[in-house]
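1. Okay, predicted coordinates and the sequence, questions at the end:
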Amino acid sequence: MMMRKGIGIVMVLSLLLTIACSTATCPMDTKVTCNYDFFNADGDASVLFDTLTVTIAKPTTFYIYTKEGKNDSVSRTRITALVDSGYTETVTKLKVDTTLVNSLANGGEMKVPMSYYSPVDTLVLHYKKILLPDTMYVFHEGYTHVETPECGAYRFHNLKEIKTTNRCIDRVEIINPRVNYEKNYNVKIYFNTLPE
Amino acid sequence: MRSFLFILLLCCCQMSWSQERDSIKTAAADSQPSTLNSQLSSDSLKSQLSSDSIQSKYSKWVPLLDEEKKELPLFQGFTVSFDVIGIGMLAVSDYGTIEGALRLSLKNTWLPIVELGYGICDRRDYNTKIQYKVNAPFIRLGCDWNFLRNKFQDNRMFVGLRWGFSTYKYDMYGPSVTDPVYGVSQPFDFSGTSSTSNWMEIVFGCQVKVYRNFHMGWSIRLKYHISSSKNDYSKAYYIPGYGTTTSGNTWSGSYNLIFDLNWGKGKRIKK
């Protein structure tokens, strides 16, 4: 009798242990961003005493409709009614400013998503107290990463090179080229002027 | 998980069957005390067994017979076995194995074993629509220790260790990954990704004689993943012979059909 009870207990415990071990462990936060840490020109960790906005020029599809004697019409979506009424449709791609970081105030770091398939991201850093922005060219190689089929596919990146203008930025340094969802700092930005 | 439930079911059946058989043997022994006593050579053991108190308190304890005290020859032959759990898993789930083993018996105590098999996985995740495919062979080398006291019997209960190894190529592909900022999307396809894995297993199991040279038995295995060659793009979801890699270790089990090959086996010492 005792033997049977013992076997039963072992089986139930084994079953619970198996259930516990069979759960897929997908990461909770899977946002892939390139993480920038701010420093002053002397190399001390700094807080940016300004308001920073980062934009990119995002290629966007536009539909342009023209007809003699009528005003031109531009739309981001296709309008079939205009085509039916005799307008000529032209499809074109234009670069439109898209904000990635909006008015970061007194920040010591920023997290910027990267383009999945473009080999270079052009980031424009706008300052509130400095008229001219800085432009940063981030060269990278993206690749699809799958941990397990349950967790899905993500685009990771390897940073190759970063070029920048030097209006407010002294220099940049890649400290960890692997951009993934592990939240490590990837790039140090050294500002030569921290407006107060 | 499904395999484990299946193993538990088989364990229950086999355990209850073995217990019934043991109880029949015990009853038979109790009903024929004179036969048992005639086999005993030691007077002290006779007196112990004839004691009512000991018989009632330790009814299942049977002392070693004289022949069992003598040593078995070193070489006790080979066994071949085939796992049915892996084939069952193939029928009802996305992955499974076809595997067999060749085991050498040394004094019926130390049991070196080679397990060869072929692992198959074809899984498509319902939510992410990512497909993973692999078909490859694997090998496990190890040794079991039969810890039953009476080595002359044909039943075995053992613990053991295995080292497993597999080299394989897997395919993983899925739907397009869309860039939420730029809006561009592309599908991905990792076909023919090569990898090599090795792992350790701790094994606990038993086998019982069913008919002549035919045995049946089960084993439960705790597997520890040691290493796999990795790349940036993906890691193997299923390793042939190991199982899924969703955590650092995994459980599995086997239910074996076992055949004793008596060629070359040392003859048992008869009284």
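-> Nice, thanks for sending it over. Numbering: from 1, shown residues only, chains lettered A, B, ... in the order given.
2. ok, for residue 101, nearest residue in space, not its chain neighbours?
-> Here I'm looking at chain A. residue A:54 (3.9 Å; Cβ to Cβ, 6 or more residues apart in numbering or on different chains). In short, each C-beta sits where N, CA and C put it, glycine included.
3. Let me rephrase: I mean chain B.
-> In space, residue B:101 is closest to residue B:115, 4.3 Å off (Cβ to Cβ, 6+ apart).
4. quick one: which helix or strand includes the one you found?
-> Following DSSP states H and E, one finds residue B:115 within strand B:110-124.
5. That strand: what's the following helix or strand?
-> Following strand B:110-124 in sequence, per DSSP H and E, is strand B:131-146.
6. List the neighbouring strands of that next one plus their orientation.
-> Strand B:131-146 pairs in its sheet with strand B:110-124 (antiparallel), strand B:156-178 (antiparallel), by DSSP bridges.
7. chain center to that strand, what's the gap?
-> How far strand B:131-146 lies from its chain's middle: 12 Å, per Cα atoms, centre = their mean, to the nearest Å.
8. What segments of the chain are strands?
-> Just going to use chain A. A:34-40, A:51-66, A:73-75, A:88-105, A:109-112, A:120-127, A:134-146, A:153-164, A:169-174, A:178-179, A:187-191 (DSSP state E).
9. Oops, wrong one, chain B.
-> B:75-83, B:95-106, B:110-124, B:131-146, B:156-178, B:185-211, B:214-228, B:238-239, B:243-244, B:249-261.
10. where does chain A dip in pLDDT?
-> A:1-24, A:193-196 (pLDDT under 70).
11. got the contact list for the residue nearest to the spatial centre of it?
-> Centrality entry for chain A: nearest residue to the mean C-alpha point is residue A:113, 0.5 Å, by Cα atoms, centre = their mean. Residues in contact with residue A:113, defined by Cβ atoms under 8 Å, 6 or more residues apart in numbering or on different chains, are A:31, A:32, A:33, A:34, A:100, B:180, B:181.
12. among those residues, which ones are buried?
-> Buried by 16 or more other Cβ atoms under 10 Å in any protein chain shown: A:32, A:33, A:34, A:100, B:181, out of the contacts of residue A:113.
13. Rebuild the residues you listed as a markdown table, extending it with distance to residue A:76.
-> Below are these laid out as a markdown table (distance: Cβ to Cβ, whole Å):
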| residue | distance to residue A:76 |
| --- | --- |
| A:32 | 26 |
| A:33 | 26 |
| A:34 | 28 |
| A:100 | 19 |
| B:181 | 16 |
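14. Is residue 163 bridged to anything, and to what?
-> Just so you know, I chose chain A. Following DSSP bridges, residue A:163 is listed with bridge partners residue A:137.
15. could you do chain B instead?
-> Counting by DSSP bridges, the residues bridging with residue B:163 are residue B:141, residue B:200.
16. Please apply the same query to residue B:225.
-> Bridge pairing for residue B:225 - DSSP bridges - gives residue B:199.
17. One more: residue A:51?
-> residue A:105.
18. my read: it touches residue A:101, true?
-> No: here residue A:51 does not reach residue A:101: they are 10.4 Å apart, not a contact under Cβ atoms under 8 Å.
19. Quick one: residues contacting residue B:196.
-> B:165, B:166, B:167, B:168, B:228, B:229 are the contacts of residue B:196 under Cβ under 8 Å, 6+ apart.
20. no no, residue B:184
-> A:115, A:116, A:117, A:118, B:178.
21. and what of residue B:132?
-> Contacts of residue B:132 (Cβ under 8 Å, 6+ apart): A:149, B:121, B:122, B:123, B:124, B:170, B:171, B:172, B:237, B:238.
22. Apart from its chain neighbours, what residue comes closest to it?
-> Residue B:132's closest residue in space is residue B:237 (Cβ to Cβ, 6+ apart), at 4.6 Å.
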